[in-house]
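[1] sequence and predicted structure below; questions after.
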Amino acid sequence: MDFNYISGILTLAGINLMAVLGLSLLTGFTGMFSFGHAGFMAIGGYTSAMMTVKFGLPFIPALLIGGLAAALVSSVIGKLTLNLKGDYFCIATLGFGEAIRLILDNVQYFGGARGWPGIPHHTSLLNVIIINIVAIIVLANIVRSKHGRNMIAVREEELASQIVGINVFKYKLISLMISAAYAGIAGGLMAHYMTFLQPKMFSLVKSTELTIIVIFGGLGSISGSVLGALVLTSLPEILRTFSEWRLVIYGLSVVIIMITRPSGLMGGYEFTPSSMKKLFTRIRNRKNGLPNHMEGGKTA
Amino acid sequence: MNILELKNLTKTFGGLTAVGNVDFEVPKDSISGLIGPNGAGKTTIFNLITGVYKVTDGKIIFKGQDITNMEPYKIADSGITRTFQNIRLFKKLTVYENVLTACHANADYNLFESVIRSPKCRKQEKELKEKADSLLDIMGLYDRKDLIANNLPYGLQRRLEIARALALNPELLLLDEPAAGMNPDETVQLMTLIADIRPKFNLSVLIIDHHMDLIMGICEKIMVLNFGCKLAEGTPQEIQNNPKVIEAYLGVEG
Amino acid sequence: MSQFLQQLINGLSIGSVYALMAVGYSLVYSIMNFSNFAHGGVIMLGAYFGYFYLTAAGLPFPVAFIGAALTTCLLAVIIERGAYKPLRERKAPFLYFIISAMGTSIFLENIVIATIGPTFRTYPEILSRTPIQIGSVSVGRLDLTMFIISAICLALLVFFIDHTKMGKAIQATAYNIKASALMGINTDLVIIVVFALGGFFAGIAGVLFGMKYTVYPQIGIITNKSFIAAVFGGLGSLPGAVIGSILLGIIETITSGYFSSQYRDLIAFVLLIAVLIFRPRGLMGKVTEDKA
């Protein structure tokens, strides 16, 4: 295995991770499931490609504009659909995701169904890593602020959140817009990595893949999403030699994960300094025969 | 001065009148009670006050302002909070997180400031944490703050729900069957708790319950509801001697 | 005008096949409150089974037809036992069911590609291609057959639901699964029956679809449109699923006929979105209210 091969897989994993991080905020922390996030990737991808190709903008601003476009579209969709009950919202996102793809199929300016080649190659492993690190820090800061706590409350108990003064609609909308922006940036990264865009890259299968990664990593865990993106992107690539059976195994694994450990890899826990400290305290307490939650050394 | 006034409050579900033409005032700083047989419409009234249900007719006036049909979160912000009959805590979060989340209204830093961890954000977060800690301390939950809410004993879960409600600095606290499932000992503890927090937090309290020792022991004014309509209102003494109430609750002697 | 009638008839015919597919979605949704996305894969396999029973096994058409339907019936029950029952037992949120369904759908589509290969298969000609003349419109024999078979199946289904004991059990379970269980209805058996029914019709729909178009592994995705029809008609309502499907079939054919076939798929999703925004419960769906 040479470096280029590994670097390629990691770059793809990083691109997926960007979208997964956004989706994690919406699904893992705010409790709303979307089967249309590939649509936001598409919007970001095509918009950012338009910026670099047709307007000659530099890479990073183009990416940000792509993310912004996706966020704007998501705000329209959100205003229309966030009042729907859980599974109807889900279906609506599916509808919008597919509609976006089908519309792009028919827009000849962007190459239509045949695709749009010749997009400049700007994405590298280095900038994917840097962008992801920034994205993770932003996400982590949101999650541990009061805004993040409000989103988690919405996920846990919507009615109680209202009663506690949380504007549930506003937080769902913010969560949706940020997740769309992340997906849009991921789409832009994808466009400038593949140097080619085609609507069918952003189909329901892709949206489902993103949701599966979030669940696999564990809802409500950023580190879970990172692990999930790495594992679930590299594994199929490594299995590419068994190419036809790769998706068979993938489909089967999804079902098995759902049946056996739906709480995912991390089960909602995070790799943070304080959680590591707590983990060591528990292990030490168990060795000394103390109850788990006690600080080391103190007695009742 | 009345902190809450219900004027001709009515709620119908299709053909069913759950609440019919109810007039009631909750005096400021008082502890009032709302009692009645099951299905009388008590929780419906709470749901109407807090905006969970839309009013069919009538008005709800809070601190002189018409809050009828306002959004639930706005009503909470303006000073009315509640607990639920079937405890609606954030069950998978810890005790601490339950209260800390509810403290959010005491901070106003925006999303951008949270991303860059601005000085304002950090200062306000610290204040929120101090407030959560102090609330937990007052309510006697501090040493269990890291337990998952769902694992608390039942009585403490109810107490946590009250603590969470208090985090919003309410002026009116609605308690929906706070003593449900409690034994006489726990009920006395609850009475003491409510009597304690009223002056400490400057509250007016409206309680729904079926435990007559709680209601008669602690409420200054009581309204009796039956089939959605007001049957009687008055002091505990007056209610206990009211023949219509006795008939509704105990039946008429043959 | 006759062109319009022509389109109408085409729409009716494809709509009736959508209806066979959509009732499967609706039945499962009415009982279990989730959208069974694996249904498309079962339909696709129905098309394949029919094809192989006909060609490789050389069975006469009616036998192959029923055989395919019985096979998919069994398959649907196996999927329920394997991919959904464990989730039901641990009372998983409906989202996990959807993910499991999607995993199953990916599995089914790709196991066909991996084993048999993705080449398109064409059904041998069963019916003559000469159309029948009814007044000023000519109706393809296949279209007419599709319509008649679907109509018969749907009529049988309605009879089953309304007039048999199991049918009433299904209605009760759809209304309230917990109460039905408490009343002594074997809800597990009801669920098996519902999946079996859906699977049986999926097989029939698959064969008909395969006969009209061609057989390929991605049929499952096309048939997601019948899911849209079910939403349009109102998830959980059988008559709604039928009406929604017929309407969808007609709208699709008219769009494809008068505008361009490229917009045909798009119009289905636009319809879905419009329904969800303006009338989420569809034409005839059940309304559920949350009690605080």
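    Happy to help now that I have it.
[2] need phi/psi at A:Gly220.
    phi 80, psi 20 (degrees, to the nearest 10).
[3] correct me, but it touches A:Phe29?
    Yes: between A:Gly220 and A:Phe29 there is a contact under CB atoms under 8 Å: 5.8 Å. Where you see a C-beta, it was placed from the backbone N, CA and C, and this is true even at glycine.
[4] near chain A, which residues of chain B are found?
    B:50-52, B:71-73, B:76-77, B:81-82, B:84, B:88-93, B:97, B:100-105, B:107, B:109, B:111, B:114-117, B:121, B:125, B:128, B:146-147, B:164-165, B:167-168 (CB under 8 Å from any CB of the partner chain).
[5] coming back round to it: between A:Gly220 and A:Phe29, which contacts overlap?
    A:152, A:155 (CB atoms under 8 Å, 6 or more residues apart in numbering or on different chains).
[6] and A:Gly39, how close does it get to chain C?
    11 Å (CB to the nearest CB, to the nearest Å).
[7] now the buried members of the residues of chain B next to chain A.
    Using 16 or more other CB atoms under 10 Å in any protein chain shown as the burial test, the residues of chain B next to chain A include B:50-52, B:72-73, B:76-77, B:81-82, B:84, B:88-91, B:93, B:97, B:100-105, B:107, B:109, B:114-115, B:121, B:125, B:128, B:147, B:164-165, B:167-168 as buried.
[8] B:Asn110: neighbour count?
    Around B:Asn110 there are 12 other residues, counting by other CB atoms under 10 Å in any protein chain shown.
[9] let me see the backbone angles for A:Val107.
    Taking degrees, to the nearest 10 as the convention, A:Val107 sits at phi -100, psi 100.
[10] just the ones of the buried ones among the residues of chain B next to chain A in helices?
    B:72-73, B:76-77, B:97, B:100-102, B:114-115, B:121, B:125, B:128, B:164-165 (DSSP state H).
[11] among the residues you listed, which pair sits farthest apart?
    Spatial extent of these (CB to CB) is set by the pair B:Val115 and B:Ala165 at 30.0 Å.
[12] got a list of what C:Ser100 touches?
    A:254-255, A:258-259, C:83-84, C:87.
[13] let's see which of these end up in helices.
    Using DSSP H, those in helices are A:254-255, A:258-259, C:87.
[14] would TSV of those residues with neighbour count be doable?
    Formatted as TSV, the ones in helices among the contacts of C:Ser100 follow (neighbours: other CB atoms under 10 Å in any protein chain shown):
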residue	neighbour count
A:Val254	26
A:Val255	24
A:Met258	27
A:Ile259	20
C:Leu87	21
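[15] of all those, which comes closest to C:Ile149?
    For the ones in helices among the contacts of C:Ser100, the nearest to C:Ile149 is A:Val255 (32.3 Å; CB to CB).
[16] make JSON lines out of the ones in helices among the contacts of C:Ser100 and add pLDDT.
    Shown next, in JSON lines, are those (pLDDT from 0 to 100):
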{"residue": "A:Val254", "pLDDT": "84"}
{"residue": "A:Val255", "pLDDT": "88"}
{"residue": "A:Met258", "pLDDT": "84"}
{"residue": "A:Ile259", "pLDDT": "86"}
{"residue": "C:Leu87", "pLDDT": "88"}
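[17] excluding its backbone neighbours, what's nearest the one residue in the stretch 1-150 of chain A that gets nearest to chain B?
    Chain B sits closest to A:Ser145 of the stretch 1-150 of chain A, with a gap of 3.5 Å, by CB to the nearest CB. Spatial nearest neighbour of A:Ser145, chain neighbours left out: B:Ser114 (3.5 Å); criterion: CB to CB, 6 or more residues apart in numbering or on different chains.
[18] excluding its backbone neighbours, what's nearest A:Phe89?
    Counting by CB to CB, 6+ apart, the residue nearest A:Phe89 is A:Thr81, at 5.6 Å.
[19] cool, and C:Leu157?
    C:Val23 (6.4 Å).
[20] ok, the one you found - contacts?
    Contacts of C:Val23 by CB under 8 Å, 6+ apart are C:154, C:157, C:197-198, C:201, C:230, C:238, C:241-242.
[21] residues contacting C:Gly15?
    Taking CB under 8 Å, 6+ apart, one finds C:229, C:245-250 in contact with C:Gly15.
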